[in-house]
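Asks: Sequence first, then the predicted structure:
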Amino acid sequence: MNLYSLSLSDIAKKIKLKEVLIKEVLDSVYARIDEVEPKVDAYITLTKEYAYKRAQELQEKLDNGENIGVLGGVPIAIKDNICTKDIKTTCASRMLENFIPPYDATVIKKLEENGAIIIGKTNMDEFAMGSSTETSYFKKTKNPWDLEKVPGGSSGGSAACVASDMAFAALGSDTGGSIRQPASYCSVIGLKPTYGLVSRYGLVAFASSLDQIGPFTKTVEDAAIMLNVITGHDNMDTTSLDIDYEDYTKALVNSVDKIRIGIDKNFTKDGVAEDVKNAYNNSLELLQKLGANIVEVDLSYAKYSLATYYIIATAEASSNLGRYDGIRYGHRAKEFSDLIDLYKKSRTEGFGDEVKRRIMLGTYVLSSGYYDAYYKRAQQVRTLIINEFKKAFDNCDVILIPTAPNTAFKFGAKAENPLEMYLEDIYTVPVNIAGLPGISIPAGFDKDAMPIGLQIIANAFDEQKMLQVAYTFEQNTDFHSKKPEIK
Ligand code: GLN
């Protein structure tokens, strides 16, 4: 077996036991990248030189008997909207094509303190706006399961690189589903933590009240390990929570005995592909067989999440993206007549169509004549959705819904019609609106052999229950162990 195909926890063990050198692990992963990256296009930047230097430092420490951390020597990829000191961070935008952050995001510091090696920055939809990674300024990432199909988005590069063994784990960001939906399309684990659990310091802001960073991994155990590393209070993020952080690996118990699983049949009745529905029903049946109890919950307001999201997210985005004025940093137009012209030209050249669409929408819903009709109402509906989930969790431990209504689609299939693209997030967006944790795990394949994801949602801060159900499902199925043949 090749080193690159092992799980994060297995490779970390091998390194600690000195069965392999860290350099050998890096060699294996970069050889894999040489082999499949020309087909998959998951990375924007590779940080080879930096990685080998770090490998050497870590190996010396290990050989001196020092503790190199739970991620000691493990190669990890990072979505290109998370700031990495001295390493280009582009957000897949022309606007930030040459941006080199002078500081590390908090999650990067935490990864490095725990011994991780950053091997590259991954492709994404421009500024994390999209569900297919097609809006990247640089390239289109392919789905490793079918190179003619999208990997999902916006963290498509992170999902594809883990699915094709080009990293042992990756970080992504999830504002409305950007970790879970690509995880589902690529058959890997994708976890979006409770809002406030993981510091957003150094994550390029899209919609600040919704954004969270989370891991992509090959196993649920690896997701728990990554979560342990990246969570924790951070003074640099005012929405970071000062609570007692738990050891998430304690949740890795193979049992769902008496766990109450909430479902809402109405929510999943329409618009879901037949094969996705079947996989969902089979998953429910399996969990029931393993001892879980199914209870009906009411998620009637959740169907308004998408409309709510596209008001709140665009409003926040229009404000967050105001900083790219061509003056302080980012793309600057070469020729301009005055200050206003400089702003206009720099933004016109620097942003792609989808980003411009969001800025226009957001500016509109915040404008004085329409604020009450759109933005204020959306915030009110948000409260209804939050309360609805609260009520549901009075009667259940986790809620199960598909991650996405469909499996991965062909390039261009939804590019012409943004509304159709937005619909892919119908099951992931409610979780961000309510600030809850959600995980997508591999749960089957459709008739074209494309992966199907299952989403487990828990109450705020109940990552433990979510991981327990995910782990039990994984231990009793073998979908997660299937690998794509990249051809
Ligand atoms: N697809 C959604 C959007 O385009 C979600 C993106 C995300 O989670 N970053 O807004």
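Replies: That came through fine. Numbering: from 1, shown residues only.
Asks: CA atoms only: put stretch 49-57 into PDB for me.
Replies: In PDB, the C-alpha atoms belonging to stretch 49-57 read as follows (Å, rounded to 0.1, in the frame of the first residue of the first chain):
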ATOM      1  CA  GLU A  49      10.200  24.000  -0.600                       C
ATOM      2  CA  TYR A  50       8.700  25.200   2.600                       C
ATOM      3  CA  ALA A  51       7.200  21.700   3.300                       C
ATOM      4  CA  TYR A  52      10.600  20.000   3.000                       C
ATOM      5  CA  LYS A  53      12.200  22.500   5.300                       C
ATOM      6  CA  ARG A  54       9.600  21.900   7.900                       C
ATOM      7  CA  ALA A  55       9.800  18.100   7.500                       C
ATOM      8  CA  GLN A  56      13.500  18.300   8.300                       C
ATOM      9  CA  GLU A  57      12.900  20.400  11.400                       C
END
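Asks: Okay, buried residues for that stretch please.
Replies: Neighbour-count burial for stretch 49-57, counted by 16 or more other C-beta atoms under 10 Å, picks out Tyr50, Ala51, Tyr52, Arg54, Ala55. Using the backbone N, CA and C atoms, a C-beta is placed for each residue, glycine as well.
Asks: What is the one helix or strand the fourth one maps to packed up against?
Replies: With secondary structure defined by DSSP states H and E, Arg54 is part of helix 48-63. In this structure, helix 48-63 makes packing contacts with helix 22-40, strand 117-122, judged by 3 or more C-beta pairs under 8 Å, 6 or more residues apart in numbering; DSSP states H and E.
Asks: Name the surrounding residues that touch stretch 227-235.
Replies: 70-71, 106-107, 110-111, 114, 116, 171, 191, 193, 197-199, 201, 213-215, 240-243, 245, 247-249, 463 (C-beta atoms under 8 Å, 6 or more residues apart in numbering).
Asks: Buried ones among the residues you listed?
Replies: The buried subset of those - by 16+ other C-beta under 10 Å - is 70-71, 106-107, 110-111, 114, 116, 171, 191, 193, 197-199, 201, 213-215, 240-241, 248-249, 463.
Asks: What about these, which are in helices?
Replies: Thr106, Val107, Lys110, Leu111, Glu463 (DSSP state H).
Asks: so which of these are also by the ligand?
Replies: Filtering these for proximity to the ligand by C-beta under 6 Å from any ligand atom leaves nothing.
Asks: nearest to Tyr371, of these?
Replies: Tyr371 lies nearest to Thr106 out of these, by C-beta to C-beta, at 33.1 Å.
Asks: tell me which parts of the chain are close to the ligand?
Replies: So the chain meets the ligand at 128-131, 154, 173-178, 206, 313, 425 (C-beta under 6 Å from any ligand atom).
Asks: Surely Asp264 and Tyr301 touch.
Replies: No - Asp264 is beyond contact range of Tyr301, at 10.7 Å (criterion: C-beta atoms under 8 Å).
Asks: Find the nearest non-adjacent residue to whatever residue of the stretch 301-450 of the chain ends up closest to the ligand, please.
Replies: Residue of the stretch 301-450 of the chain nearest the ligand, by C-beta to the nearest ligand atom: Asp425 (4.8 Å). Excluding the flanking residues, the one nearest Asp425 by C-beta to C-beta, 6 or more residues apart in numbering is Gly177, at 4.4 Å.
Asks: Could you do Arg332 as well?
Replies: Gly326 (4.2 Å).
Asks: contacting residues for Phe100?
Replies: Residue 100: Ile, not Phe. Counted by C-beta under 8 Å, 6+ apart, Ile100 has contacts Asp86, Ile87, Lys88, Thr89.
Asks: Pull up the per-residue confidence for Thr245.
Replies: Let me fix one detail, which is that residue 245 is Tyr and not Thr. In this model, Tyr245 is scored at 88, pLDDT.
Asks: Could you do Asp270 as well?
Replies: If you check Asp270, the pLDDT there is 87.
Asks: Then the one 10 residues further on?
Replies: Tyr280 carries a pLDDT score of 98 in this model.
Asks: That one: how many residues sit nearby?
Replies: 23 (other C-beta atoms under 10 Å).
Asks: partners of the nearest residue to it once chain neighbours are set aside in the sheet?
Replies: Counting by C-beta to C-beta, 6+ apart, Pro402 is the residue found nearest to Tyr280 once chain neighbours are left out, at 5.0 Å. Under DSSP bridges, the beta-bridge partners of Pro402 are Leu454.
Asks: got a list of what Pro402 touches?
Replies: Taking C-beta under 8 Å, 6+ apart, we find Pro402 in contact with Thr268, Val272, Val276, Lys277, Ala279, Tyr280, Tyr427, Ile452, Gly453, Leu454, Gln455.
Asks: related to what we said a few turns ago, just the buried ones out of the contacts of Ile100, please.
Replies: Buried among the contacts of Ile100 (16+ other C-beta under 10 Å): Ile87, Lys88, Thr89.
Asks: got the buried residues for whatever helix or strand Phe389 lives in?
Replies: Here Phe389 is covered by helix 377-395, with elements defined by DSSP H and E. Within helix 377-395, the residues that count as buried by 16+ other C-beta under 10 Å are Ala378, Val381, Arg382, Ile385, Ile386, Glu388, Phe389, Ala392, Phe393.
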